[in-house]
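# Show me the folded form of this:
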Amino acid sequence: MDWKSFLIGLAVGAVIALVALFWQLAKRSKEKAVHKAETEKLRTMLNDRMDLESNGLSSLKVELEKLRKENENLRVTVNSLSQKPGRKEVQRLQVYQDAVDKLIISSPGFGAAWHTSLKEAESEMDKTYAGTLPFFKKVIPQKSAAPTIDLVEADRNDKN
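Have a look, this model is predicted:
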(Lines give C-alpha, C1' and ligand atoms only; values in the text may rest on other atoms or scores of the structure.)
Protein backbone atom coordinates (compact mmCIF):
# COMPACT_ATOMS: atom_id res chain seq x y z
CA MET A 1 0.00 0.00 0.00
CA ASP A 2 2.78 2.12 0.40
CA TRP A 3 3.40 2.12 -3.30
CA LYS A 4 -0.14 2.70 -4.05
CA SER A 5 -0.30 5.81 -1.85
CA PHE A 6 2.84 7.03 -3.42
CA LEU A 7 1.49 6.61 -6.96
CA ILE A 8 -1.79 8.29 -6.02
CA GLY A 9 0.12 11.23 -4.48
CA LEU A 10 2.33 11.36 -7.54
CA ALA A 11 -0.70 11.36 -9.86
CA VAL A 12 -2.47 14.08 -7.85
CA GLY A 13 0.75 16.16 -7.84
CA ALA A 14 1.17 15.63 -11.59
CA VAL A 15 -2.45 16.73 -12.24
CA ILE A 16 -1.95 19.84 -10.09
CA ALA A 17 1.33 20.57 -11.87
CA LEU A 18 -0.36 20.15 -15.28
CA VAL A 19 -3.23 22.42 -14.26
CA ALA A 20 -0.75 25.04 -13.02
CA LEU A 21 1.28 24.67 -16.23
CA PHE A 22 -1.78 25.14 -18.46
CA TRP A 23 -2.90 28.06 -16.35
CA GLN A 24 0.55 29.74 -16.73
CA LEU A 25 0.58 29.06 -20.48
CA ALA A 26 -2.89 30.58 -20.85
CA LYS A 27 -1.82 33.58 -18.78
CA ARG A 28 1.30 34.06 -20.95
CA SER A 29 -0.67 33.78 -24.17
CA LYS A 30 -3.10 36.47 -22.89
CA GLU A 31 -0.16 38.71 -21.97
CA LYS A 32 1.39 38.13 -25.37
CA ALA A 33 -1.89 39.00 -27.04
CA VAL A 34 -2.15 42.17 -24.94
CA HIS A 35 1.45 43.10 -25.70
CA LYS A 36 0.95 42.36 -29.36
CA ALA A 37 -2.20 44.49 -29.48
CA GLU A 38 -0.46 47.31 -27.60
CA THR A 39 2.57 47.10 -29.90
CA GLU A 40 0.30 47.19 -32.94
CA LYS A 41 -1.56 50.18 -31.50
CA LEU A 42 1.72 52.03 -30.87
CA ARG A 43 2.99 51.12 -34.34
CA THR A 44 -0.24 52.48 -35.88
CA MET A 45 0.02 55.68 -33.84
CA LEU A 46 3.66 56.10 -34.88
CA ASN A 47 2.80 55.57 -38.56
CA ASP A 48 -0.04 58.09 -38.32
CA ARG A 49 2.20 60.64 -36.64
CA MET A 50 4.94 60.13 -39.22
CA ASP A 51 2.40 60.57 -42.02
CA LEU A 52 1.08 63.77 -40.45
CA GLU A 53 4.57 65.15 -39.93
CA SER A 54 5.52 64.21 -43.47
CA ASN A 55 2.44 65.97 -44.87
CA GLY A 56 3.09 68.99 -42.65
CA LEU A 57 6.74 69.13 -43.67
CA SER A 58 5.89 68.89 -47.36
CA SER A 59 3.26 71.63 -47.04
CA LEU A 60 5.80 73.79 -45.18
CA LYS A 61 8.30 73.23 -47.99
CA VAL A 62 5.69 74.24 -50.57
CA GLU A 63 4.78 77.33 -48.54
CA LEU A 64 8.46 78.23 -48.11
CA GLU A 65 9.02 77.99 -51.85
CA LYS A 66 5.92 80.11 -52.46
CA LEU A 67 7.16 82.75 -49.99
CA ARG A 68 10.60 82.76 -51.61
CA LYS A 69 9.03 83.39 -55.02
CA GLU A 70 6.81 86.11 -53.56
CA ASN A 71 9.83 87.70 -51.88
CA GLU A 72 11.73 87.68 -55.17
CA ASN A 73 8.74 89.21 -56.97
CA LEU A 74 8.48 91.93 -54.33
CA ARG A 75 12.20 92.66 -54.62
CA VAL A 76 11.87 93.03 -58.38
CA THR A 77 8.80 95.26 -57.90
CA VAL A 78 10.64 97.49 -55.43
CA ASN A 79 13.56 97.80 -57.83
CA SER A 80 11.27 98.66 -60.73
CA LEU A 81 9.29 101.17 -58.65
CA SER A 82 12.49 102.89 -57.55
CA GLN A 83 13.33 103.38 -61.21
CA LYS A 84 9.98 105.02 -62.04
CA PRO A 85 9.89 108.71 -62.99
CA GLY A 86 9.39 110.93 -59.99
CA ARG A 87 11.53 108.90 -57.61
CA LYS A 88 14.64 110.85 -58.55
CA GLU A 89 12.77 114.09 -57.89
CA VAL A 90 11.71 112.87 -54.46
CA GLN A 91 15.32 111.95 -53.70
CA ARG A 92 16.45 115.35 -54.96
CA LEU A 93 13.88 117.04 -52.68
CA GLN A 94 15.23 115.03 -49.78
CA VAL A 95 18.75 116.27 -50.58
CA TYR A 96 17.47 119.86 -50.78
CA GLN A 97 15.69 119.45 -47.44
CA ASP A 98 18.91 118.21 -45.84
CA ALA A 99 20.79 121.17 -47.34
CA VAL A 100 18.21 123.63 -46.00
CA ASP A 101 18.42 122.05 -42.55
CA LYS A 102 22.22 122.40 -42.56
CA LEU A 103 21.94 126.00 -43.78
CA ILE A 104 19.51 126.83 -40.99
CA ILE A 105 21.92 125.43 -38.42
CA SER A 106 24.97 127.26 -39.83
CA SER A 107 23.33 130.67 -40.57
CA PRO A 108 21.81 132.21 -37.45
CA GLY A 109 19.82 135.02 -39.13
CA PHE A 110 18.46 132.92 -41.98
CA GLY A 111 17.04 130.18 -39.77
CA ALA A 112 14.63 132.32 -37.78
CA ALA A 113 13.24 134.07 -40.86
CA TRP A 114 12.98 130.77 -42.70
CA HIS A 115 11.09 129.06 -39.89
CA THR A 116 8.72 132.00 -39.50
CA SER A 117 7.85 132.09 -43.18
CA LEU A 118 7.59 128.30 -43.29
CA LYS A 119 5.17 128.22 -40.33
CA GLU A 120 3.06 130.97 -41.94
CA ALA A 121 2.92 129.10 -45.22
CA GLU A 122 1.99 125.84 -43.46
CA SER A 123 -0.78 127.51 -41.44
CA GLU A 124 -2.08 129.15 -44.61
CA MET A 125 -2.09 125.78 -46.36
CA ASP A 126 -3.93 124.21 -43.41
CA LYS A 127 -6.52 126.95 -43.52
CA THR A 128 -6.91 126.42 -47.26
CA TYR A 129 -7.53 122.70 -46.73
CA ALA A 130 -9.92 123.42 -43.87
CA GLY A 131 -11.93 125.72 -46.13
CA THR A 132 -11.81 128.91 -44.02
CA LEU A 133 -9.19 130.83 -46.00
CA PRO A 134 -10.81 130.67 -49.47
CA PHE A 135 -14.10 131.96 -48.02
CA PHE A 136 -12.38 134.96 -46.44
CA LYS A 137 -10.40 135.65 -49.63
CA LYS A 138 -13.64 135.80 -51.61
CA VAL A 139 -15.57 137.92 -49.13
CA ILE A 140 -12.79 140.27 -47.97
CA PRO A 141 -10.33 141.37 -50.69
CA GLN A 142 -6.74 141.45 -49.49
CA LYS A 143 -4.72 144.65 -49.77
CA SER A 144 -1.48 142.82 -50.51
CA ALA A 145 -2.93 141.08 -53.55
CA ALA A 146 -3.65 144.29 -55.51
CA PRO A 147 -0.07 145.62 -55.66
CA THR A 148 1.21 142.19 -56.67
CA ILE A 149 -1.24 142.11 -59.57
CA ASP A 150 -0.26 145.67 -60.53
CA LEU A 151 3.42 144.70 -60.53
CA VAL A 152 2.71 141.70 -62.71
CA GLU A 153 0.72 143.84 -65.17
CA ALA A 154 3.44 146.52 -65.17
CA ASP A 155 6.04 143.86 -65.89
CA ARG A 156 3.96 142.63 -68.84
CA ASN A 157 3.59 146.15 -70.17
CA ASP A 158 7.36 146.70 -69.93
CA LYS A 159 8.02 143.57 -71.97
CA ASN A 160 5.64 144.75 -74.74
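# switch to C-alpha atoms for all contacts and neighbour counts from now on
OK.
# And the strands in the chain?
Assigned by DSSP state E, the chain shows no strands.
# Could you pick out the longest helix of it?
When the chain is parsed with DSSP state H, its longest helix is helix 2-82.
# low-scoring stretches of the chain, by residue?
Under the criterion pLDDT under 70, the flagged ranges of the chain are 1, 82, 84-85, 87, 125, 128-160.
# what about the residue nearest to the spatial centre of it, distance to residue 18?
For the chain, the residue sitting closest to the mean C-alpha position, by CA atoms, centre = their mean, is residue 67 at 11.5 Å. Counting by CA to CA, to the nearest Å, the separation of residue 67 from residue 18 is 72 Å.
# same thing with residue 71?
Relative to residue 18, residue 71 is positioned 77 Å away (CA to CA).
# Relative to residue 55, how far out is the residue nearest to the centre of the chain?
When CA to CA is the yardstick, residue 67 and residue 55 sit 18 Å from each other.
# And for residue 69?
Using CA to CA, one obtains 21 Å as the distance from residue 69 to residue 55.
# Likewise for residue 19?
Residue 19 is 54 Å from residue 55, where distance means CA to CA.
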